[in-house]
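**Q** prediction below, plus the sequence it came from.
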Protein chains: 2
Amino acid sequence: MSKYLQMIRKSTDLRQEEIKKAVLSIIHRDGLKNLSTKNLAREVGISEGAIFRHFNTKRDIIMSIMDDVIEDLIENLRKISLEDIPPPERLFKYLCNTVTYLLENQGITILLFSEASYENDAEMLEKLNYIFNNQKQLAGKIISDGIAFGTWDESVSVVDLSSLYMGIPITLNIELILNRENFQQENFCKRMFEFILKILKK
Amino acid sequence: MSKYLQMIRKSTDLRQEEIKKAVLSIIHRDGLKNLSTKNLAREVGISEGAIFRHFNTKRDIIMSIMDDVIEDLIENLRKISLEDIPPPERLFKYLCNTVTYLLENQGITILLFSEASYENDAEMLEKLNYIFNNQKQLAGKIISDGIAFGTWDESVSVVDLSSLYMGIPITLNIELILNRENFQQENFCKRMFEFILKILKK
DNA sequence: ATCATTTGTAAGTATTTGCTCACAAAAATA
DNA sequence: TATTTTTGTGAGCAAATACTTACAAATGAT
C-alpha cells in the first residue's frame, strides 16, 4: 500500500517559478518576517524538504528573484533608453515602464529595500546597487541625449537631476507600502514627468 | 567573597539611552539581522537579562526609537514650517534640516524602512506613516503658503509636488545605504532645492 | 547601620529557524 | 518490462532567538 497519497510532481523549473512567486506573495501579504521556509512550503503546497530540492539555500531564492528584476526590469529599461525616439518621449516611456513594473510586482519592493539591508550581505547589496544605479544612469543617459539634442537646458546637472528622478520610483514604493489605499496612482508617471520637464525647460 | 566583580550600575533612564544608541550602531554597522538581544547586550556592555530590565520587549525598544524620531525630527520640522520667514527661505531650511538629521542618524533610516515592513506590525506601520505623512504635509504647507503669498506658480499641484519632494530625503537614504562612499552629500539639499524652485517658478 | 529598592548576572526556557537525511513513488529511459 | 533518475515526504537536527528566573550586590532612605 502507498505511504503517501496523491503526490503531485512538477519539474524543478516549474517549482522554482512557483517558489519565487510564493515568496513575493508572502512578503506582500504577511511581511518579510513570515518568509520562513516552513511558510514558503505551505504557500507552494509542498513539503519543506522539497523547497531545498529546488534551491540549495533560502538565500539562493532571494538572489534568483533579484536576477529576475535585473532581467525583466533593467534590461527592458536599457532597451528603452536606446530607442530611437525623441528624448522627451523616451524619458516618459522610461518612467512609465518603471512605474508599471513596480505596481505589478509589489512584493519585490519590500524584498529589495529590506532584505539587502537586513541581511547586510555583500553580494546582495551589489545586486541591489546594480539595479539602483542602472535605473539612475540610464535615466541620466536619456537626459544627456536631450541636452545634446538641444531640446533641454544644458545648465542642468545630469547627475543631480538623476538623483531627483530616482526619488520618483522610490517614493512610489514607500507610498505603496504605507498609503496603499489612499495613494492616487493613476497618471502618477505623467504627473511626475511634467515636473521633470519643467526643470529641463530652457 | 563577591560573586560578580566590579558591577557598573546606571539608572534605567541612562541605560535606555545607551540601548537605543547601541541599536542604531549595530544596524548601521552590521545590519538589522544582527540586532539580536544578545548582540545588543554585548554592544551596551551589560548582560542580556539587564536589557529586559530596562525595556519589556525588543519591540518596545524599536517603538521608543520611532518616538524619538517623531519628537526630534518631526516636531522640529513642524516648528520650521510655522516660522515667520518667506516661504522660499523656509522650504530651504526645512529641507536642509531634514537632510542633516538623516545624515547624523544613519541607522534610523534602515530601522524605519526595514523594520516596519519586516515585522508587518500595524502599530509600527502607523508610526512610520505618521513620520512620512507629516514630513510630506508640512512641506506641502510651506508650498501652499508660497503660492498664496504670490511667490510661486499657482498651477502647480501641491500634493504632487509634495510627493516629488519626499523623493529627496528617501533617495538620500537609499544612496547612503548603497553608495555611502561615492555619494556627493555636500550641498545636496541646496542642489535639490534649486530643482524644486524651478518647478515652482511662475 | 539597617533595610528596601534598584540594577546587575548567569543559566536557564520554549520556540523558531534553515537545512539534512533516509526513504517512497512517479516519470523517463533502456 | 526493468532500471535509473527525478521529485516528493516527514521526522529530526543544531543553532539562534526573545525572554524568564533565582539570586547577588550596589544605592538611597530612614
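**A** Nice, thanks for sending it over.

**Q** please count neighbours and contacts with C-alpha atoms only from this point.
**A** Fine.

**Q** around DNA strand C, pick out the residues from chain A.
**A** A:1-9, A:33-38, A:48-49, A:52, A:56-59 (Cα under 7 Å from any atom of the strand).

**Q** try it again at 6 Å.
**A** Residues of chain A lying close to DNA strand C by Cα under 6 Å from any atom of the strand are A:2-4, A:6-7, A:9, A:34-38, A:48-49, A:52, A:56-58.

**Q** whichever of those end up buried, select them in PyMOL.
**A** To isolate the buried ones among these in PyMOL, judged by 16 or more other Cα atoms under 10 Å in any protein chain shown, type:
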select buried, chain A and resi 34+35+37+48
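
**Q** start and end of stretch A:30-37, how far apart?
**A** 14 Å (Cα to Cα, to the nearest Å).

**Q** actually stretch A:37-54, sorry about that
**A** Taking Cα to Cα as the criterion, the two ends of stretch A:37-54 lie 12 Å apart.

**Q** list the buried residues for it?
**A** A:37, A:39, A:40, A:41, A:43, A:44, A:46, A:48, A:51, A:54.

**Q** contacts for it?
**A** A:12, A:15, A:16, A:18, A:19, A:22, A:23, A:26, A:58 (Cα atoms under 8 Å, 6 or more residues apart in numbering or on different chains).

**Q** what mean pLDDT does it get?
**A** Stretch A:37-54 shows a mean pLDDT of 98.

**Q** how about residue A:111, what does it touch?
**A** A:24, A:27, A:32.

**Q** now the residue in chain A that chain B sits nearest to: closest residue in space that isn't a chain neighbour?
**A** At 3.7 Å from chain B, residue A:167 is the closest residue in chain A, using Cα to the nearest Cα. With Cα to Cα, 6 or more residues apart in numbering or on different chains as the criterion, residue A:167 has its nearest non-adjacent residue at 3.7 Å, and that residue is residue B:167.

**Q** cool, residue A:15 as well?
**A** residue A:54 (7.0 Å).

**Q** equivalent analysis for residue A:30, please.
**A** Using Cα to Cα, 6+ apart, the nearest residue to residue A:30 is residue B:120, at 6.5 Å.

**Q** DNA strand D versus the one you found, what's the distance?
**A** 15 Å (Cα to the nearest atom of the strand, to the nearest Å).

**Q** any idea how many residues pack against that residue?
**A** By the measure other Cα atoms under 10 Å in any protein chain shown, the count of residues near residue B:120 is 19.

**Q** give me the phi and psi for it.
**A** Per-residue torsions, residue B:120: phi 60, psi 40 (degrees, to the nearest 10).

**Q** ok, now residue A:105?
**A** The phi/psi pair for residue A:105 (degrees, to the nearest 10) is phi -130, psi 60.

**Q** hmm, back to that, and the helix or strand containing the residue of chain A closest to chain B, C-alpha only, in CSV?
**A** Assigned by DSSP states H and E, residue A:167 belongs to helix A:158-178. Output of helix A:158-178 as CSV, limited to C-alpha atoms (Å, rounded to 0.1, in the frame of the first residue of the first chain):
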residue,chain,number,x,y,z
VAL,A,158,22.5,65.5,-15.1
VAL,A,159,23.8,63.7,-12.0
ASP,A,160,21.7,65.8,-9.7
LEU,A,161,18.6,65.5,-11.8
SER,A,162,19.1,61.7,-12.0
SER,A,163,19.1,61.7,-8.2
LEU,A,164,15.9,63.6,-8.1
TYR,A,165,14.5,61.3,-10.7
MET,A,166,15.2,58.3,-8.6
GLY,A,167,13.1,59.7,-5.9
ILE,A,168,10.1,59.1,-8.1
PRO,A,169,10.0,55.3,-8.2
ILE,A,170,11.3,55.1,-4.6
THR,A,171,8.6,57.4,-3.2
LEU,A,172,6.1,55.4,-5.1
ASN,A,173,7.4,52.3,-3.4
ILE,A,174,7.1,53.8,0.0
GLU,A,175,3.6,55.2,-0.7
LEU,A,176,2.5,51.8,-1.8
ILE,A,177,3.7,50.3,1.5
LEU,A,178,2.3,53.0,3.7
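
**Q** with that, I have no additional questions.
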